[in-house]
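Novice: structural data only, the sequence is not supplied:
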C-alpha cells in the first residue's frame with residue numbers, strides 16, 4: 001500500500017506545475033488586485049496613490065498607458081523610482097478600473113460599465129496566492145534586465 005500512495009501523489013504535483021506555467025502575468029495581476037481590494041490594501045486615483053507612494057507603504061503600482069496627462073505619469077513614475085516600488089504598465093484605464101472593482105456587472109457577472117482608472121497602488125497583498133508568486137517572479141525578472 002505504501003508504494004501505491006507516492007505514485008498517486010506524483011501526478012498531482014506535475015499537474016500543479018503545468019498550471020503554474022499557464023497563468024499569464026495579466027491574469028495574475030488581476031487576481032492580486034482583487035485580493036488586495038478584499039483586504040483593504042488597494043489605493044486608487046492620483047491622490048490616494050501619491051499618498052501611499054510618499055509614505056512608502058506601497059508595494060506595487062499599476063499605471064495606465066492610456067493616461068493622457070503627462071504630469072500625472074511623471075509624478076507617479078518619480079514617486080515609484082524614489083520609493084523603489086515596482087511599476088506595471090496596463091494598456092487600458094477602463095480595464096484597470098474593472099480590475100480594481102470600479103465597474104458595474106450584469107446578471108452573468110460580466111463587466112457592463114467600467115470607470116477609467118489611471119493609477120492603482122497595492123499596499124497590502126492580502127493572502128499569499130499562486131497569482132502573487134507568479135507576479136513577484138515576473139517583477140524579479142524585470143528588475144534583473
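Specialist: Cool, the structure landed. As the structure is a prediction and not an experimental result, all values here were calculated from the model. Numbering: from 1, shown residues only.

Novice: that's a strand at residue 29, yeah?
Specialist: No: under DSSP: H, G, I helix; E, B strand; the rest coil, residue 29 sits outside any strand and is assigned helix.

Novice: now the residue nearest to it when sequence neighbours are not counted: which helix or strand?
Specialist: Of all residues not flanking residue 29 in the chain, residue 135 sits nearest, at 5.9 Å (Cβ to Cβ, 6 or more residues apart in numbering). (Each C-beta comes from the backbone N, C-alpha and C, glycine too.) Element membership for residue 135, per DSSP states H and E: helix 130-144.

Novice: again with residue 108
Specialist: Per DSSP H and E, there is no helix or strand for residue 108.

Novice: please tell me how far it sits from residue 76.
Specialist: Taken as Cβ to Cβ, to the nearest Å, the spacing of residue 108 relative to residue 76 amounts to 34 Å.

Novice: same question, residue 62
Specialist: 10 Å.

Novice: which ones are touching the residue nearest the centre of the chain?
Specialist: Geometric centre of the chain, nearest residue: residue 29, 3.0 Å, by Cα atoms, centre = their mean. Contacts for residue 29 (Cβ atoms under 8 Å, 6 or more residues apart in numbering) come out as 62, 88, 90, 99, 131, 135.

Novice: what touches both of residue 62 and residue 76?
Specialist: Shared contacts of residue 62 and residue 76 (Cβ under 8 Å, 6+ apart): 87, 119.

Novice: can you show me the helices along this structure?
Specialist: 4-22, 25-38, 46-54, 70-83, 93-99, 130-144 (DSSP state H).

Novice: what mean pLDDT does the longest one get?
Specialist: It refers to helix 4-22. Averaging pLDDT along helix 4-22 gives 45.

Novice: sorry, back to before: can I get the contacts of residue 29 in a markdown table with distance to residue 119?
Specialist: Converted to a markdown table, the contacts of residue 29 look like this (distance: Cβ to Cβ, whole Å):
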| residue | distance to residue 119 |
| --- | --- |
| 62 | 7 |
| 88 | 11 |
| 90 | 10 |
| 99 | 13 |
| 131 | 21 |
| 135 | 17 |
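
Novice: now the two most distant members of these.
Specialist: 90 and 131 (15.5 Å; Cβ to Cβ).
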